[in-house]
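Asker: Sequence plus the predicted model coming up.
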Amino acid sequence: MTHNYDWLDTEFTALEHAGLRRHLRTVMSAPTGTINLDGRDVVLLGSNNYLGLSTHPQVIAAAVEATQTFGTGASGSRLISGNSELYTTLETNLAKVKNTEAALVFSSGYTANTGVIPILAGEGDLILSDALNHASIIDGCRLSRATKKVYRHCDVEHLKGLLSESTAFRRRLIVTDGVFSMDGDIAPLPDIHNLATEYDAMLLVDDAHGFGILGRDGSGTVAHFGLENRDIIQMGTLSKAIGALGGYITGSRTLIELLINKARGLIFTTGLPPATLAAANAALNVMRSSPELRQHLFLHAKHLKLALIDLGYTLLPSETQILPVVLGSPQRATNISEALLAEGVFAPAIRPPAVPPDTSRLRLTVMATHTETEIQHAIDAFATLSQNSVKDLHS
Ligand SMILES: *Cc1c(COP(=O)(O)O)cnc(C)c1O
């Protein structure tokens, strides 16, 4: 290549020196409690397939049948020829689960957030966003051209202050994760909803990690707080507890119609494959009728969390299946992740920009389908590490 591309080397070297180089690892099996990673069997503590639904027999059967009936691809965007009847079934089911008037499925959670936010807010409007919101929310805010103010993580007083000093804007939108993706804590939605009502602001909740987990039948964080039917726009994904792919928005019929007509993240991308739509729909049904999956999930989370605290690790105060072990520098997080891998446990290191500087961490997630033996194996690996006193583990 010509010297015009020399900067690629410079930039890549800088990344490596900062401990921020990322590697693609190759998974050679289904995302169950133990996976084959680069040819080795390891306990998986880094999957969002929380309920194990991506390998559920009923879900797989639905995907296979849909492929046989409808083929492998959507063949077009939803507004052209890609809107199979599987979408109607799935969206009707989603609206029922969420107890909302309507639902709309996007091709991913990322395109749902970047699609909906620019419809809700534009130039002359204000978006109030939690400091730890997901990157897809941040990108949606950028695309919207609205003014953005970031409030301190879950700080309702700070949010209130920003609302009271910003009455000149045309419209205001508060946006927050329901369950925070890298911290596992739950947003104080009742307080945030009260503020939205008091200050005439819209409220959008990203429930990527609460859906399938919290609330009645796993219907999510909004239901967990008893806030259904309260004028809250919900976003979520079909890619985590549901084990498939796709994002969704739920709300009023008018909101959904407007999105169909205007959301670029819906209009300018191909529809989801039939297998994915059918799998998501089947997984929704399993999710609702299987409270024991959520029970197992929470038992595993509690067991792992208490054991790690006992071993002296510092965990963030998460109440969910996401257990962050904060380690500080990116190098330290990577070293400990590598040491765990050597012990047969895959606990991925999460580094900036996914998390703020100096809060690099292992983001451990448990699955309902982990066995006791697998969880114990993970605990033993962490115990071995602290015994071998991996440098400054407890500093
Ligand atoms: C994963 C995630 C998304 C994006 O969803 P995809 O379906 O993976 O595109 C959005 N928001 C949050 C909070 C997430 O964790």
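Answerer: Sure, I can see it.

Asker: Now do the helices in the stretch 101-250 of the chain.
Answerer: 109-120, 135-144, 156-164, 189-198, 221-224 (DSSP state H, counting those that start in this stretch).

Asker: For the stretch 201-350 of the chain, which segments count as strands?
Answerer: 202-206, 232-237, 247-251, 322-328, 345-346, 349-350 (DSSP state E, counting those that start in this stretch).

Asker: Looking at those strands, which is nearest to the ligand?
Answerer: With CB to the nearest ligand atom as the criterion, the ligand lies closest to strand 232-237 of the strands of the stretch 201-350 of the chain, at 3.7 Å. Where C-beta positions appear, they are placed from N, C-alpha and C, glycine not excepted.

Asker: So which residues make contact with that closest one?
Answerer: 98, 100, 108-109, 112-113, 116, 120, 189, 193, 202-208, 210-211, 220, 222, 246-251, 255 (CB atoms under 8 Å, 6 or more residues apart in numbering).

Asker: swap in stretch 312-321?
Answerer: 50, 179, 183-186, 209-210, 213-214, 297-298, 300-301, 305, 308-309, 323-326, 361, 365-367, 382, 386, 393-394.

Asker: so which of those residues are also by the ligand?
Answerer: Under the cut-off given by CB under 6 Å from any ligand atom, the ligand has His209 from the contacts of stretch 312-321 close to it.

Asker: which stretches of this protein have low pLDDT?
Answerer: Within the chain, the set of residues satisfying pLDDT under 70 comprises 1, 389-395.

Asker: cutoff 90 now
Answerer: Scanning the chain with the threshold set as pLDDT under 90 gives 1-3, 18-23, 229-230, 353, 386-395.

Asker: ok, back up a step: and the strands of the stretch 201-350 of the chain as TSV, adding mean neighbour count?
Answerer: Formatted as TSV, the strands of the stretch 201-350 of the chain follow (neighbours: other CB atoms under 10 Å):
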stretch	mean neighbour count
strand 202-206	25
strand 232-237	27
strand 247-251	26
strand 322-328	22
strand 345-346	24
strand 349-350	23
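
Asker: For Leu94, find the nearest of these.
Answerer: strand 247-251 (5.6 Å; CB to CB).

Asker: how far off helix 109-120 does the closest one point, in degrees?
Answerer: Strand 247-251 runs at 40 degrees relative to helix 109-120, counting by axes from the mean of the first three to the mean of the last three CA atoms, to 10 degrees.

Asker: Within range of the ligand, give me the residues from the stretch 201-350 of the chain.
Answerer: So the stretch 201-350 of the chain meets the ligand at 206, 208-209, 237, 239, 247 (CB under 6 Å from any ligand atom).

Asker: 8 Å instead?
Answerer: Within the stretch 201-350 of the chain, the positions lying close to the ligand (CB under 8 Å from any ligand atom) are 206, 208-209, 235, 237-240, 245-247.

Asker: circling back: same list as before, the helices of the stretch 101-250 of the chain that is, but in CSV and with mean neighbour count included.
Answerer: Output for these, formatted as CSV (neighbours: other CB under 10 Å):
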stretch, mean neighbour count
helix 109-120, 25
helix 135-144, 20
helix 156-164, 17
helix 189-198, 18
helix 221-224, 24
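
Asker: by contact count, what packs against the helix ranked longest in the chain?
Answerer: Ordering each helix of the chain by length in residues (DSSP state H) puts helix 291-310 first. Secondary-structure packing of helix 291-310 (3 or more CB pairs under 8 Å, 6 or more residues apart in numbering; DSSP states H and E): strand 322-328, helix 372-387.

Asker: what does the shortest one contact?
Answerer: Around strand 322-328, the neighbours that count as contacts under CB under 8 Å, 6+ apart are 179-184, 209, 301, 304-305, 308, 313-316, 318, 333, 336, 347, 349-350, 358-366.

Asker: now do stretch 83-100
Answerer: Contacts of stretch 83-100 (CB under 8 Å, 6+ apart): 66, 70, 74, 78, 101-105, 217, 219-220, 222-223, 228-229, 234, 248, 250-252, 271-272, 274, 277-278, 280-281, 284-285, 288.

Asker: can you do 6 Å?
Answerer: 70, 102-103, 105, 219, 228, 248, 250, 274, 277-278, 280-281, 284 (CB atoms under 6 Å, 6 or more residues apart in numbering).

Asker: sorry, back to before: and the longest helix of the chain with strand 322-328, angle?
Answerer: Using the same axes, to 10 degrees: helix 291-310 against strand 322-328 is 20 degrees.

Asker: Helix 291-310 versus helix 372-387: what angle between them?
Answerer: 20 degrees.

Asker: buried set for helix 291-310?
Answerer: Within helix 291-310, the residues scored as buried using 16 or more other CB atoms under 10 Å are 293-294, 296-298, 300-301, 303-305, 307-308.

Asker: try stretch 358-377
Answerer: Those buried within stretch 358-377 under the rule 16+ other CB under 10 Å are 359-370, 374-375, 377.

Asker: Equivalent analysis for stretch 83-99, please.
Answerer: 84, 86-87, 90-91, 93-95, 97-98.

Asker: Stretch 256-274 too?
Answerer: Quick answer for stretch 256-274 (16+ other CB under 10 Å): 256, 258-259, 263, 265-266, 269, 271-274.
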